[in-house]
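# Provide a 3D model corresponding to the input given below.
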Amino acid sequence: MPLQKLMVANETSGFKKCVSVVITTFNDEETIMPVLLSLLSSGVPTQSIQLIIVDGGSTDNTLNIIKDFLNKHGTAFKYTMLVMHHRNLGVSKARNDGIKLVLCEYVLLLDSDIVLPK
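Model prediction:
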């Protein structure tokens with residue numbers, strides 16, 4: 001089954017000196033917003049972050065929360081991508097799909113309940 005992708009590109013070249021953050025989600029409406037907001041206040045310049053969010057077919061409000069965040073803050077990041085699976089294929093598949101999209105020298109895998117320190 002093909003993946004659906006929503007991309008917001010600010011700059012598509014020069015990805016060597018950046019960090020790709022892969023966040024996996026599934027029905028995480030209660031925890032995803034603090035995780036996303038922590039990226040903005042983590043001390044890492046957002047223009048050096050490639051943000052990849054892989055959702056495992058959430059049936060709650062998770063996708064709406066993510067889309068609202070990307071609409072408000074997506075341009076703060078070097079590059080953003082939202083991958084939506086049609087159904088839950090498991091966290092390993094979600095992580096692997098996110099890793100396949102990595103363009104940066106460094107990769108950070110985050111679960112949807114991990115808030116980065118300031």
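# the helix-or-strand element of the chain with minimal mean pLDDT: what's the following helix or strand?
None of the helices or strands of the chain scores lower by mean pLDDT, DSSP states H and E than strand 4-9, at a mean of 46. As assigned by DSSP states H and E, the chain's next helix or strand after strand 4-9 is strand 19-25.
# nearest spatial neighbour of Ile114, skipping sequence neighbours?
In space, and not counting its chain neighbours, Ile114 is closest to Val35: 6.2 Å by C-beta to C-beta, 6 or more residues apart in numbering. All C-beta spots, glycine's among them, are computed from the backbone N, C-alpha and C.
# can you check Val44 too?
Nearest to Val44 is Val19, by C-beta to C-beta, 6+ apart, at 6.8 Å.
# with Val22 instead?
Leaving aside its chain neighbours, Val22 sits nearest to Gly98 (3.5 Å; criterion: C-beta to C-beta, 6+ apart).
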